[in-house]
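Asker: Show me the folded form of this:
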Amino acid sequence: MSVDIASVKRLKDLTGVGLTDAKKALEEAKGDFDKALAAMRKKGLTKAEKRGEREARAGVVGTYNHDNRIGVIVEVNCETDFVARNEIFTDLVKDLAMHIAATSPQYVSTEDIPKAEHKKVQDEFSEKTKSEGKPADMIDKIVEGQLKKYFAERCLMDQPFVKNPDITVGEYVREHSARLGENIVVRRFGRMAVGEV
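Answerer: Sure thing, here's the model as predicted:
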């Protein structure tokens with residue numbers, strides 16, 4: 001089946017794959033652009049996960065100021081200066097800073113949560129669940145679900161991305177890693193708001 005070159009080029013631009021791969025994906029999807037895009041994203045994300053082991057020491061520190069009331073600074077790393085200067089990468093950093101301003105996460109990812117904080121919240125949920133008279137054999141499962149939800153709201157990488165709530169910030173970063181062909185790491189961030197302590 002023949003596919004039009006505009007669709008091939010559009011798929012290439014969205015996923016960061018070569019023209020040949022984009023054409024092949026569209027042919028395999030029988031011209032269905034969305035199906036081809038989903039297949040290419042899946043392939044790209046798999047490659048991006050493998051890239052996650054590579055060291056990311058280049059990058060940028062991005063800032064965002066909302067109404068002179070909320071300020072954000074975020075460090076996002078990649079593997080090369082070439083990618084750090086790329087418009088796709090700098091737009092990602094701006095989007096992340098804006099997201100942080102809007103959602104006020106406390107941690108980059110679940111790995112950053114202090115053990116004492118995790119234990120404290122776990123104990124609180126456990127006591128609450130017991131006091132509600134839930135079956136003893138279900139308490140651990142219930143508490144586990146509550147913890148996951150609680151910390152997902154507080155960890156940047158697990159939050160739904162403000163510009164597209166269908167994906168998490170982590171998925172958004174991995175999509176960019178796939179497009180740019182490099183490991184991308186959100187290293188740290190800070191957020192300040194007028195009047196907040």
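Asker: drop to CA atoms for contacts and neighbour counts, all remaining ones
Answerer: Fine.
Asker: all strands of the chain, in order?
Answerer: Secondary structure of the chain (DSSP state E): strands located at 58-66, 70-78, 160-161, 164-168, 185-193.
Asker: In CSV, list the ones you listed along with distance to residue 111.
Answerer: Below are those laid out as CSV (distance: least, CA to CA, whole Å):
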stretch, distance to residue 111
strand 58-66, 21
strand 70-78, 17
strand 160-161, 18
strand 164-168, 16
strand 185-193, 12
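Asker: wait, which of the ones you listed is closest to residue 4?
Answerer: Closest to residue 4 of the strands of the chain, according to CA to CA: strand 164-168, at 28.2 Å.
Asker: In that closest one, which residues are buried?
Answerer: Judged by neighbour count (16 or more other CA atoms under 10 Å), strand 164-168 contains these buried residues: residue 168.
Asker: Which strands border it, and is each parallel or antiparallel?
Answerer: strand 160-161 (antiparallel) (DSSP bridges).
Asker: Might you calculate how far the partner strand sits from the centre of the chain?
Answerer: 8 Å (CA atoms, centre = their mean, to the nearest Å).
Asker: quick one: contacts of it?
Answerer: Identification of contacts with strand 160-161 by CA atoms under 8 Å, 6 or more residues apart in numbering yields 99, 166-169, 172.
Asker: before we move on, back to that, reformat the strands of the chain as TSV; add mean pLDDT and distance to residue 22.
Answerer: Converted to TSV, these look like this (pLDDT from 0 to 100; distance: least, CA to CA, whole Å):
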stretch	mean pLDDT	distance to residue 22
strand 58-66	94	28
strand 70-78	96	25
strand 160-161	96	26
strand 164-168	93	23
strand 185-193	95	27
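Asker: can I get the contacts of strand 160-161 in TSV with distance to residue 141?
Answerer: Below are the contacts of strand 160-161 laid out as TSV (distance: CA to CA, whole Å):
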residue	distance to residue 141
99	31
166	26
167	25
168	24
169	26
172	29
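Asker: And those residues, which is closest to residue 126?
Answerer: Once CA to CA is applied, the member of the contacts of strand 160-161 that ends up nearest residue 126 is residue 168, at 27.4 Å.
Asker: Grab the most central residue of this protein for me.
Answerer: residue 170 (1.7 Å; CA atoms, centre = their mean).
Asker: quick one: it and residue 72, what's the gap?
Answerer: Residue 170 sits 18 Å away from residue 72, going by CA to CA, to the nearest Å.
Asker: pLDDT-wise, which helix or strand of this protein ranks last?
Answerer: helix 33-51 (a mean of 66; mean pLDDT, DSSP states H and E).
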